[in-house]
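Trainee: give me coordinates for this.
(chains A, B and C)
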Amino acid sequence: MEANEQVVSGEPMLESPSKPIKIKILTKSTIAIRITLLALAFLTVYAFFSFDYKEIDFGEAILATFANIKAMFFEAHFNHFTFTHAFYQVLITLGLAFLTTIFGAIIAVFLGLLAAENLTSKRVSAVIKGIVAFIRAVPTVLWVLIFAVAAGLGSVAAVIGMTFHSVSYLVKAYSESFEELDNGVIEALQASGASFWQIIFQAVIPSSLTYMISWTFLRFEINFAVAVAMGAAAGAGGIGFDMFMASNFYLDIREIGTITYFILAIAILLEVFATKFKKKLRVNG
Amino acid sequence: MQADFFAKKRRNSIGFFAILAAITVGAIIITEYDIVKGFESLPRAVTWALGNFYPTQESLVKLPDILSSLIETLLVSIAATSIGAVFALFFALMGSNTTRVNAFFGSISRAIATLFRNIDVAAWALILLFSFGQSSLTGYFALFFGSFGFLTRAFVETIDEVSGGSVEALRATGANYASIIFQSVIPSSVPQMLSWVLFMIETNIRSATLIGLLTGSGIGFTFNLYYKSLNYDIASLVVVTIIISILLIESISNYVRRVIL
Amino acid sequence: MTPLLEVNHVSKQFGNETKALSDVNFSVSEGEFVSIIGPSGAGKSTLLRCINRMIDASNGEIIFDNMNVMNLKKKELKMVRTKIGMIFQHYNLVNRLSVIENTLHGNLGKKSTIAGALGLYNQEEKEQAVKILSTLGLVEHIYKRADQLSGGQKQRVGIARALIQNPRMMLCDEPIASLDPNSAKVIMDHLRNISTTMGITVLVNLHQVDVALKYSDRVIGINHGQVVFNGTPKDITKDDIQRIYGSEAEDLIFDIGGIHAS
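Mentor: Sure, this is the predicted structure:
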């Protein structure tokens, strides 16, 4: 038991009792965290002083909000439309979300291949990633409105406008899963004389397919919410537009309640599925 | 046997794509999506944008106005996110399986967060419009509710992922609940949580534009004003300022993320 | 000698089907070094966690220091936990905090809510922490972040956190399962030393039979949630190993022969 002796012989290093011992360490990371938190706190406080309150009685408005939310959820009713109509509008919203996702996925597969560093070059990858960052910087609603000038308000402008963000989201997700592919696999196929596209369709896509499907579904979940919002803000139709009408024209909070129930039902359903897909991502990852 | 394997594989993938194609056709019909118009409008939009949608010398006069409403929108987004994060932290501690006080409060917290998360911020804006009218507060609360719901879920996942082991160790030393939270859970998960908060601020600035359109405030309202009055040069200047501010904030938060994670 | 720990007729059931422990009985005297061995999934971890009630046993009684742990109220349970140190397979340190902060965490059980939450420690406690860390050979790492350490060093911090509690007993859950052989030896030597020189009772879950036989005063073998062997390393036979490990035993028996021979 030599090791035992070693342990005992290590004389405890006694600090002089008067000198206080520090226990915290200040790393770059802790400093950055503190600065960020302070900055956020300061900006938040400043924001509250700078808000344009437009003479709103804060307390009264809060109480009114509670009353509204209560009326919305507990006294929901149909007034300007029927259950069948609402159901049909939900289907339209789902349709918009689906088209956006499918178009986005098809475009993103090609751009994703180009953006994957191991399949093309660092240069091409950087260019694609730059374009994607630019697309993401413009809010979806602005894409839709810009296209509405050329195509008119409606499903065409909505789907094309919404496709932009789907593409940027999916390019990032796809290219990352392509990049995870073992280089040895590509090398082995290259050695056997396979062409670029053969490698893509025989090795790259099959091995990333589970990821791709999961990410695409997660985007579909997001696109449903986006489609609701675009219906309201850009006249894209679907349940979002009904909500906008109920809020801005009929001023009917109870009808908004009904619409909210419809949206919630679909959104929660999609979230349950999405969570399952996410688990799959983690298990395979 | 082998032939079977390939045949089955092919049948499966053909079936999968057939279903996708069928849904696509159904979606095209129900949304009255005009495919031809879709393809046509792309080049048309590009030509139009190149011809009309760029800032001119004259539009620069409006820059101060635009910047002031942009700053208002940025502040609303940041304030909504930070306050949302404070509430989310509390609900996440209650909702996480690692740190919850008991199963009942755990389920309640998670249910509340699910409710808030699944009502889109645009929907919240329309609801809040009733009581807060066209003020900054409508957008603020809409973003606050959305951020709260999203961040609660993100924080719960962070806590469960990061601090399970050390929480167990501190419980075994007989430490009380407050000690466990402040000595183990918070130090382990703060960087990850902060990264989520930064992500949420980026998202909220984009959503704030949308909410501004709906509620008549901030940068969204400014854009809509010039867009509707066909002043596309000024509208494009608004878009440019939004792009610059979002890219700027993204690079700041990417830098912070690199340092803290 | 009176036993420090008595486990009487303890059972644990998860859900309706899986019985993790059934009618487990044994006792441990003050200062003893006891290993619990058995195949993975035999219930070793569950058993260890039932002792300080990280998991609540379904039936039976657990007497620690003349108190029935299973009947304790929340406050009393925390008191008992301060007297029992625990170390883990995955170390369970707070990765982003310094080594000395992680060590001082062992004192949290004795702190008030506010002092604990703010992490306020007095000079005496800090000196104690430095002293323990230098005994464990970690003095030059005091201000390193826990995630900058190697596995063996992390486990030594885990031991330091347990020792600063000034415990009567240490529960060690697979302390060397994630370590390389050299680090494993250092950790086991430290644990043995703690038991011999400080008189602290050590109860350790192990997967490796040879290690258990080399270091322990007594070995308890568990299979399918039942105690199938309880005796000194000298008394253990090939049949016992067969009973503890079942079909896995084939690979192990050769090793045992070697150890008895030496």
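
Trainee: hey, let's count contacts and neighbours off CA atoms from now on
Mentor: Fine.

Trainee: return the residues in contact with the residue lying closest to B:Q183 once chain neighbours are set aside.
Mentor: Nearest residue to B:Q183 in three dimensions, chain neighbours excluded: C:A117, at 6.3 Å (CA to CA, 6 or more residues apart in numbering or on different chains). The contact partners of C:A117, by CA atoms under 8 Å, 6 or more residues apart in numbering or on different chains, come to B:A178, B:S179, B:I180, B:I181, B:F182, B:Q183.

Trainee: buried residues of the helix or strand hosting C:A117, list them for me.
Mentor: C:A117 is located in helix C:113-118, with elements delineated by DSSP states H and E. For helix C:113-118, the neighbour count (16 or more other CA atoms under 10 Å in any protein chain shown) marks C:T113, C:G116, C:A117 as buried.

Trainee: repeat that for stretch A:205-213.
Mentor: By 16+ other CA under 10 Å, the buried positions in stretch A:205-213 come out as A:I205, A:S207, A:S208, A:T210, A:Y211, A:M212.

Trainee: return stretch C:21-40 as PDB; C-alpha atoms alone will do.
Mentor: Output of stretch C:21-40 as PDB, limited to C-alpha atoms (Å, rounded to 0.1, in the frame of the first residue of the first chain):
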ATOM      1  CA  LEU C  21     -34.700  -4.800  -4.000                       C
ATOM      2  CA  SER C  22     -36.400  -7.600  -2.100                       C
ATOM      3  CA  ASP C  23     -35.900  -8.300   1.600                       C
ATOM      4  CA  VAL C  24     -32.300  -7.000   1.900                       C
ATOM      5  CA  ASN C  25     -30.700  -7.500   5.400                       C
ATOM      6  CA  PHE C  26     -27.200  -6.500   6.500                       C
ATOM      7  CA  SER C  27     -25.400  -4.400   9.000                       C
ATOM      8  CA  VAL C  28     -22.200  -2.300   9.000                       C
ATOM      9  CA  SER C  29     -20.100  -1.500  12.000                       C
ATOM     10  CA  GLU C  30     -18.300   1.800  12.800                       C
ATOM     11  CA  GLY C  31     -15.100   2.200  10.700                       C
ATOM     12  CA  GLU C  32     -15.700  -0.800   8.500                       C
ATOM     13  CA  PHE C  33     -15.000  -0.800   4.700                       C
ATOM     14  CA  VAL C  34     -17.700  -2.700   3.000                       C
ATOM     15  CA  SER C  35     -18.100  -3.300  -0.800                       C
ATOM     16  CA  ILE C  36     -21.300  -4.100  -2.500                       C
ATOM     17  CA  ILE C  37     -20.700  -6.100  -5.600                       C
ATOM     18  CA  GLY C  38     -23.100  -7.400  -8.300                       C
ATOM     19  CA  PRO C  39     -23.900  -7.300 -12.000                       C
ATOM     20  CA  SER C  40     -25.200  -4.000 -13.500                       C
END
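
Trainee: is any residue of that stretch near chain A?
Mentor: No. If you take CA under 8 Å from any CA of the partner chain as the test, stretch C:21-40 misses chain A, and the best it gets is 15.1 Å.

Trainee: tell me the mean pLDDT over that stretch?
Mentor: Mean pLDDT, computed over stretch C:21-40, is 92.

Trainee: one more: stretch B:192-212?
Mentor: Per-residue scores along stretch B:192-212 average to 92.

Trainee: now C:G199: closest residue in space that isn't a chain neighbour?
Mentor: Sequence neighbours aside, C:G31 is the residue nearest to C:G199 in space, at 4.6 Å (criterion: CA to CA, 6+ apart).

Trainee: and that neighbour, how close does it get to B:T98?
Mentor: Going from C:G31 to B:T98 by CA to CA, to the nearest Å gives 34 Å.

Trainee: on that earlier part again, chain A: which of the contacts of C:A117 is nearest?
Mentor: B:Q183 (12.1 Å; CA to the nearest CA).

Trainee: now do the contacts for that closest one.
Mentor: C:H105, C:G116, C:A117, C:L118, C:G119.

Trainee: report the two of those residues separated the most.
Mentor: Maximum pairwise distance among these (CA to CA): 11.5 Å, between C:H105 and C:L118.

Trainee: circling back: just the buried residues of stretch A:205-213: which are in helices?
Mentor: Counted as lying in helices by DSSP state H, out of the buried residues of stretch A:205-213, are A:I205, A:S207, A:S208, A:T210, A:Y211, A:M212.

Trainee: now these as TSV including distance to C:S247 and pLDDT?
Mentor: Formatted as TSV, those follow (distance: CA to CA, whole Å; pLDDT from 0 to 100):
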residue	distance to C:S247	pLDDT
A:I205	42	86
A:S207	37	83
A:S208	39	86
A:T210	37	84
A:Y211	39	86
A:M212	42	90
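
Trainee: which ones among those residues also lie next to chain C?
Mentor: Applying CA under 8 Å from any CA to those, none is adjacent to chain C.

Trainee: can you show me the strands along chain A?
Mentor: Per DSSP state E, chain A carries no strands over any range.

Trainee: what helix or strand does the closest residue to C:R161 other than its chain neighbours sit in?
Mentor: Of all residues not flanking C:R161 in the chain, C:T103 sits nearest, at 4.2 Å (CA to CA, 6+ apart). Secondary structure assignment for C:T103, by DSSP H and E: helix C:99-104.

Trainee: can you name every helix or strand that that helix contacts?
Mentor: helix C:123-135, helix C:151-163 (3 or more CA pairs under 8 Å, 6 or more residues apart in numbering or on different chains; DSSP states H and E).
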